[in-house]
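Undergrad: Return atomic coordinates for the entry below.
(chains A and B)
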Amino acid sequence: GDSVTQMEGPVTLSEEAFLTINCTYTATGYPSLFWYVQYPGEGLQLLLKATKADDKGSNKGFEATYRKETTSFHLEKGSVQVSDSAVYFCALILMDSNYQLIWGAGTKLIIKP
Amino acid sequence: NAGVTQTPKFQVLKTGQSMTLQCAQDMNHEYMSWYRQDPGMGLRLIHYSVGAGITDQGEVPNGYNVSRSTTEDFPLRLLSAAPSQTSVYFCASRMGNQPQHFGDGTRLSIL
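TA: Down below sits the predicted model:
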């Protein structure tokens, strides 16, 4: 079935390090892809999105490129800050199945000063 | 803009009690959903609605009821609270394939 797989956390990095959080998906149709972020004690917020192959979503220094050939949507940031510590969720919407939303399990990111 | 509003933010119940978690959105979104979030479990879909008068079960519906009498409101009812329902509950809404908007969550403890 359709699914989203994220790398397991927690991911622990030092401030100013390069970040990659892997996300791959399995989908029978043509999904739109999203990254959401959840800061401690808060709800989820949309971080970025991409709606078709080769689209690049970007926001707050984060980027992710929709790679249809590898069914991936990896999240990257060139230089992380302590304030980036949060849980990151990858998700997809399938337009072919009543817009069902499918979530990854989330990856906890810890940035140390 | 209010967005998605959940009440209450915190609640403590005794086993066997019932209660309703409220959710309202002011964006005229057709899709509304309830999730629970447990440590290490990500988000699990409880119930969802694709429009007023239409609801359906998600991944973990047992012990919960929903109704959608208006576009704006989507309350979640716990019929007889159990300790296994201790969790953080999120309501969300969206339009079609657009990004989902989340409420701030309700932190529920069942003793």
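
Undergrad: Check which helices and strands the lowest-mean-pLDDT helix or strand in chain A is in contact with.
TA: One helix or strand of chain A scores below all others by mean pLDDT, DSSP states H and E: strand A:100-103, with a mean of 84. Secondary-structure packing of strand A:100-103 (3 or more Cβ pairs under 8 Å, 6 or more residues apart in numbering or on different chains; DSSP states H and E): strand A:3-6, strand A:86-94. C-beta: built from backbone N, CA, C; applies to glycine.

Undergrad: To chain B, which of these lies closest?
TA: Closest of those to chain B is strand A:86-94, at 4.7 Å (criterion: Cβ to the nearest Cβ).

Undergrad: strand partners of that closest one, parallel vs antiparallel please.
TA: Applying DSSP bridges, strand A:86-94 is found paired with strand A:32-38 (antiparallel), strand A:100-103 (antiparallel), strand A:107-112 (antiparallel).

Undergrad: correct me, but A:Tyr30 touches A:Lys52?
TA: Yes. With contacts counted by Cβ atoms under 8 Å, A:Tyr30 reaches A:Lys52, the gap being 7.5 Å.

Undergrad: Give me the neighbour count for the nearest residue to A:Asp55 once chain neighbours are set aside.
TA: Sequence neighbours aside, A:Tyr66 is the residue nearest to A:Asp55 in space, at 4.7 Å (criterion: Cβ to Cβ, 6 or more residues apart in numbering or on different chains). By other Cβ atoms under 10 Å in any protein chain shown, the residues close to A:Tyr66 number 20.

Undergrad: In a markdown table: the helices and strands packed on strand A:100-103, plus mean neighbour count.
TA: Converted to a markdown table, the helices and strands packed on strand A:100-103 look like this (neighbours: other Cβ atoms under 10 Å in any protein chain shown):
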| stretch | mean neighbour count |
| --- | --- |
| strand A:3-6 | 19 |
| strand A:86-94 | 23 |
